[in-house]
Every structure is written in C-alpha cells, then in structure tokens.
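Enquirer: Give me the fold of what follows.
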Amino acid sequence: MSSDMWGYQPTAGYTAGSSLIGYKVEATDGSIGKVDKHSDDVGASHLVVDTGVWIFGKHVLIPAGLVSGIDTAAETIYVDRTKEQIKNAPEFDKDKHAEDAGYHEQLGGYYGSHRA
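Expert: Numbers count the residues shown, from 1 in each chain. So this is what the prediction gives:
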C-alpha cells in the first residue's frame with residue numbers, strides 16, 4: 001500500500017484544518033455524493049462520503065490521496081477514480097472502519113490496484 005494514499009496531494013488544494021463537510025464529491029465520471037466526515041490525521045487522511053440513493057444510502061471511505069482537486073468556491077471535491085471503482089470498493093461501516101488500520105490497508109490495496 002502506498003503511504004501517500006493516506007495524505008492529500010500538495011496539488012489538491014487542501015488547507016490543513018479546513019472543513020470539507022457538505023462538499024459535493026465528483027468521481028472522474030460523475031457525482032458520488034457529499035462529504036459526511038473527513039480526517040486530516042497524518043498517515044490516515046480520508047473522506048467519508050454519503051452516497052445518498054446512488055449506492056442505496058451507503059457511505060464510502062475514500063483515501064485523501066485520491067483527491068485530485070478541491071474547488072472551495074463551488075464546494076466540490078474531485079477524486080481520481082470512477083464511480084464504478086468507488087462503488088466496488090470494500091464495504092464501509094462508519095461505526096467500525098473509520099479508524100481501523102486493517103480496513104485502511106485493505107482499501108489502500110484495492111484503490112492502489114484500480115487506477116482511473
């Protein structure tokens with residue numbers, strides 16, 4: 001697993017400490033939902049996205065390293081994966097997985113092998 005998958009890319013436009021809650025999230029091929037939670041913890045930065053009706057009301061965890069850009073004026077975050085890749089990621093349970101290192105490793109392996 002790439003350790004930089006769990007940190008924002010310098011070119012993404014993220015300012016440490018900024019709140020991204022409520023921002024729209026766009027995959028390379030369309031909208032996937034809105035940010036429900038996010039973390040900028042060193043080595044474990046991520047977004048938790050509420051997909052609404054798109055994946056039957058589920059949440060997905062997206063490593064911060066997949067963020068390709070943030071438009072603060074439009075409150076939109078762009079991620080470097082397709083909707084299908086995000087939909088097929090290992091299932092996320094917000095009550096169990098947010099701080100679970102084993103789940104982060106599994107997710108990092110999945111996203112690391114699926115490039116946009």
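
Enquirer: what about residue 39, neighbour count?
Expert: Neighbour count for residue 39, taken as other C-beta atoms under 10 Å: 15. Every C-beta, even on glycine, is put in place using the N, C-alpha and C of the backbone.

Enquirer: Show me the contact partners of stretch 94-104.
Expert: Residues outside stretch 94-104 that contact it (C-beta atoms under 8 Å, 6 or more residues apart in numbering): 6, 36-37, 39, 44, 46, 48, 59, 61, 63, 90, 92.

Enquirer: For the chain, which segments count as helices?
Expert: Here the chain has its helices, by DSSP state H, at 83-87, 101-112.

Enquirer: In this structure residue 40 contacts residue 17, no?
Expert: Yes - counting by C-beta atoms under 8 Å, residue 40 does reach residue 17; the two are 7.1 Å apart.

Enquirer: Turn the contacts of stretch 94-104 into CSV, columns for distance to residue 109.
Expert: CSV is the format used below for those (distance: C-beta to C-beta, whole Å):
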residue, distance to residue 109
6, 12
36, 24
37, 22
39, 19
44, 15
46, 15
48, 19
59, 20
61, 14
63, 11
90, 9
92, 15
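
Enquirer: Which of these fall in strands?
Expert: Cross-referencing the contacts of stretch 94-104 against strands under DSSP state E gives 36-37, 39, 46, 48, 59, 61, 63.

Enquirer: which among those gets closest to residue 86?
Expert: residue 61 (9.9 Å; C-beta to C-beta).

Enquirer: my guess is the closest one contacts residue 46, does it?
Expert: Yes - look at residue 61 against residue 46 with C-beta under 8 Å: they come within range, at 5.5 Å.

Enquirer: do you know how far residue 94 is from residue 112?
Expert: According to C-beta to C-beta, to the nearest Å, residue 94 stands 22 Å off from residue 112.
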